[in-house]
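1. A predicted structure for the sequence below; I have some questions about it.
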Amino acid sequence: MPTSQQNDTAGSLRAVVIAMVCFAVLISCTVNEPEVAIDTSVNIGEHSIPDSDNTFGDWPKHGRNHFEQRFSPLSAINKNTVERLGLAWEHNMASLRGLEATPIVIDGVMYVTSTWSRVSALNAKTGKLLWAYDPQVPRAWAGKVCCDVVNRGVAVAAGKVVFGSLDGRLIALNANDGSVLWEVDTLPDREQWYSITGAPRIVGNRVFIGNGGAEYSVRGYVSAYDLNNGDLLWRFYTVPNSVDGPFDSAAMETAAKTWSKSSALDGAGGTVWDSMAYDPALDLLYVGTGNGSPWPKYTRSPGGGDNLYLASILALDPASGELVWHYQTTPGETWDFTATQHMVLADLDIQGQTRKVLMQAPKNGFFYVLDRQTGGLLSAQNYVYVNWASHIDMNTGRPVETGLADYEKQDRYVFPSAAGGHNWQPMSFSPDTGLVYFTARDIGWVHSMAEDKWFTYGADNLEALIGEQSVPETSGYLKAWNPVEQRLEWEIAIPNIWNGGVLSTRGGIVAFGTAMGDLQLVDASSGSLLKTINTGTGIIAPPISYLIDGEQYIAVLAGWGGPAFNTLQGNEALLEYENRGRLMVFKLDGGPVSLPLTREPPGAFPKPPVSSASAEQIERGRQLYVLHCGACHGVYDSIPMLPDLRRMTEATHQLFERIVLGGIYEAKGMPSFADALSSEDTFAIRAHIIDRARKAGRLTVELPEP
Ligand code: CA
């Protein structure tokens with residue numbers, strides 16, 4: 001652990017910035033439930049919306065209801081009783097990587113996904129495994145995803161469990177036994193780098209699913225499939241197929257006008273990789289769209305333009321897929337500011353009027369409240385430190401960019417970073433407090449058009465880029481946001497920037513997990529800490545709550561991962577324990593949590609082999625390593641989830657080229673890089689690894705390289 005970096009703000013900042021640049025570079029690198037029945041038995045409070053399900057004790061949908069509020073009406077676990085919370089049961093998810101799924105609980109059965117899109121059904125009271133299904137995702141697909149082999153969950157309706165696989169299939173299983181009912185390929189072309197990590201949503205007999213890949217030049221779209229048989233019903237593309245036509249749809253003709261004639265429309269991004277919500281009364285489906293591809297608009301659409309429908313919230317007719325309205329959060333998106341972050345629908349009293357709103361805190365740092373009937377902007381305020389825009393103009397609905405946003409001719413240190421002020425980790429809205437709870441972060445990112453700087457960026461330039469700005473300390477947060485007054489109610493600082501999604505309940509508590517491995521339960525009104533349960537496993541997934549036989553449970557997946565931001569600070573669980581993925585379920589008067597196995601102390605570094613590489617080859621190897629290897633294997637430190645290449649054995653050194661080019665470890669999730677690297681390149685990378693291993697062997701604390 002590089003303690004010297006922790007004591008050196010510039011150093012740790014530099015490490016984080018470079019790690020994040022590295023992330024950027026990698027980029028180049030039974031249920032027959034009624035759908036709209038209203039549960040009148042539950043008084044949800046003055047900010048209430050009707051629950052779109054009548055399953056009081058279940059967690060039947062991704063966001064519990066179509067409004068995606070992630071608020072449980074259960075209250076047995078509350079401010080007075082939460083101290084008694086303990087472990088009811090746990091389940092081994094057979095994963096060493098990131099777990100991001102929301103479990104679905106219906107009629108006493110929990111349906112949950114693990115890494116590699118594997119699905120399990122468990123008795124939600126006892127944890128007994130009922131069935132499991134593995135879609136056998138080709139492990140080489142790991143090379144086509146930016147941010148780990150994660151999956152955010154299933155959708156369940158009409159006795160079917162539907163989910164997307166990492167390699168782009170949509171699969172429906174029999175909820176009773178896990179047998180396959182139908183399976184379709186949602187991708188237009190399996191050679192392109194599409195992937196699915198998001199959860200489908202089901203409305204009536206339609207299943208909606210998008211995909212990821214905007215980092216890899218794909219063209220974004222969302223599709224609707226028939227729940228009964230998997231037939232494709234419609235597909236809505238989010239960016240035009242051409243700037244001149246013919247166009248896929250009227251929406252694309254409109255969108256094309258916002259791209260310059262010289263646009264590189266070979267994909268162009270805008271993927272619908274996570275967030276959706278549905279309003280049964282308005283019968284509108286809301287989806288969020290991702291970043292542009294490539295990131296800089298200067299090369300993507302050199303003549304300018306807003307580049308619709310990137311970084312937008314879209315309201316679609318769920319029957320036809322026709323666009324009803326759009327709101328673009330970041331016109332001309334050029335900073336990886338996706339608008340795929342979780343959207344929450346609620347009815348809020350704003351200036352004496354009850355407004356049907358849609359709320360989102362997308363990556364760009366502003367919290368938006370929209371009229372969900374029209375898409376009109378009601379308010380927007382920054383929820384973290386933002387320097388790319390001064391504010392959102394309420395007349396135009398557009399951000400007013402500062403000079404710090406433009407990196408066409410000069411590098412810029414931009415807040416929020418490409419990790420977003422807030423990312424996919426779901427928010428929770430409590431109708432009792434009227435507050436929205438979410439985990440957020442202050443961290444910046446150096447955007448540059450000079451590709452070689454991606455490899456060489458360091459503190460020298462960062463200090464100059466910061467200049468007169470007073471930038472915040474890098475930190476994670478839980479924020480309690482008042483969406484009516486658009487202000488922060490309270491916040492809790494968290495050492496690591498990459499933490500979990502959030503649950504709020506009628507019991508007056510907010511529950512969320514942290515990179516430290518803590519499930520924290522705080523007072524929803526004041527933010528005061530009520531209870532911490534250390535699981536020993538970093539948590540990024542959102543907790544849920546459900547009721548069986550009169551007992552309330554809180555469940556959460558523990559397993560840290562996602563993009564390898566390389567921020568080990570505040571990541572004690574990952575440093576101390578094996579990152580063995582576990583489903584943890586808690587109840588009042590439950591038992592103690594047993595901590596995972598302590599990570600084997602790594603011991604002394606093995607003596608690396610002798611290398612004949614020149615200094616130039618080692619430097620070239622360093623650049624290639626950052627570009628192709630660092631995001632998973634770590635730039636300075638190793639990310640403990642994956643092998644520390646500095647510790648390669650002599651045998652692995654011998655096999656290095658066959659691993660990197662030949663793909664002999666594809667079954668382990670290490671794809672072949674034969675498309676990107678030559679034999680000479682792998683020699684250089686190995687020379688850099690040997691160089692690092694030598695230095696690591698000499699120093700107890702490895703210092704950042706110049
Ligand atoms: Ca992105």
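-> Structure's in. What do you need? Numbers count the residues shown, from 1 in each chain.

2. what does the protein have sitting close to the ion?
-> 291, 336 (CB under 5 Å from the ion). All C-beta atoms are positioned from the backbone trio N, CA, C, and that covers glycine.

3. residue nearest the centroid of the chain?
-> residue 424 (3.6 Å; CA atoms, centre = their mean).

4. gap between that one and residue 275?
-> 8 Å (CB to CB, to the nearest Å).

5. and what of residue 190?
-> Counting by CB to CB, the gap from residue 190 to residue 275 is 25 Å.

6. neighbour count for those two, which is higher?
-> residue 275 (29 against 13; other CB atoms under 10 Å).

7. name the nearest residue to that one, ignoring sequence neighbours.
-> The shortest distance from residue 275 to any non-neighbouring residue, by CB to CB, 6 or more residues apart in numbering, is to residue 288 (4.1 Å).

8. for residue 364, give me phi and psi.
-> phi -70, psi 0 (degrees, to the nearest 10).

9. ah, wrong one, I meant residue 618
-> Main-chain dihedrals, residue 618, degrees, to the nearest 10: phi -60, psi -40.

10. number of residues surrounding it?
-> 19.

11. do the same with residue 590
-> When neighbours are counted by other CB under 10 Å, residue 590 registers 18.

12. then residue 246?
-> Neighbourhood size, residue 246 [other CB under 10 Å]: 8.

13. the helix or strand containing residue 163 packs against which elements?
-> Using DSSP states H and E, residue 163 sits within strand 160-164. Contact analysis of strand 160-164 by 3 or more CB pairs under 8 Å, 6 or more residues apart in numbering; DSSP states H and E lists strand 119-123, strand 155-157, strand 169-174 as its packing neighbours.

14. kindly recompute the last result at 7 Å.
-> strand 169-174 (3 or more CB pairs under 7 Å, 6 or more residues apart in numbering; DSSP states H and E).

15. alpha carbons of the strand it packs on, as PDB, please.
-> What follows is strand 169-174 as a C-alpha-only set of coordinates in PDB (Å, rounded to 0.1, in the frame of the first residue of the first chain):
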ATOM      1  CA  ARG A 169     -28.400 -12.100 -25.700                       C
ATOM      2  CA  LEU A 170     -31.900 -11.700 -24.100                       C
ATOM      3  CA  ILE A 171     -32.900 -14.800 -22.400                       C
ATOM      4  CA  ALA A 172     -36.200 -15.800 -20.700                       C
ATOM      5  CA  LEU A 173     -36.200 -18.600 -18.100                       C
ATOM      6  CA  ASN A 174     -39.000 -20.500 -16.500                       C
END
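
16. what are the buried residues along the helix or strand following that strand?
-> Following strand 169-174 in sequence order, the next helix or strand is strand 180-185 (DSSP H and E). Neighbour counts over strand 180-185 (16 or more other CB atoms under 10 Å) mark 181-182, 184 as buried.

17. who's in contact with the very next helix or strand once past strand 180-185?
-> Using DSSP H and E, the helix or strand that follows strand 180-185 in sequence is strand 201-203. Contact with strand 201-203 is made by 35, 62, 155, 157, 162, 208, 227, 276, 278, 285, 318, as judged by CB atoms under 7 Å, 6 or more residues apart in numbering.

18. domain-wise, how is the protein divided?
-> 8-399+411-588, 615-697 (automatic domain parsing).

19. need the winner for burial among these.
-> When the domains of the chain are scored by mean count of other CB atoms under 10 Å, the highest mean neighbour count falls to domain 8-399+411-588 (a mean of 21).

20. starting at the chain centroid, how far to that one?
-> Mean-position distance between domain 8-399+411-588 and its chain equals 6 Å (CA atoms, centre = their mean, to the nearest Å).

21. can you add mean pLDDT and give the domains of the chain back as JSON lines?
-> As requested, the domains of the chain are exported to JSON lines (pLDDT from 0 to 100):
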{"stretch": "domain 8-399+411-588", "mean pLDDT": "89"}
{"stretch": "domain 615-697", "mean pLDDT": "85"}
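
22. distance to residue 596 for the ones you listed - can I get that in JSON lines?
-> Formatted as JSON lines, these follow (distance: least, CB to CB, whole Å):
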{"stretch": "domain 8-399+411-588", "distance to residue 596": "4"}
{"stretch": "domain 615-697", "distance to residue 596": "12"}
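
23. gap between residue 254 and the ion?
-> 24 Å (CB to the ion, to the nearest Å).

24. ok, for that residue, nearest residue in space, not its chain neighbours?
-> Spatial nearest neighbour of residue 254, excluding adjacent residues (CB to CB, 6+ apart): residue 308 at 7.0 Å.

25. in a helix, that neighbour, correct?
-> No - Residue 308 sits outside any helix when classified using DSSP: H, G, I helix; E, B strand; the rest coil, being coil.

26. contacts only, for it.
-> 254-255, 258, 326, 328.

27. so which of these comes closest to residue 393?
-> residue 328 (13.1 Å; CB to CB).

28. so who does that closest one touch?
-> Contacts of residue 328 (CB under 7 Å, 6+ apart): 306, 308-309, 311-312.
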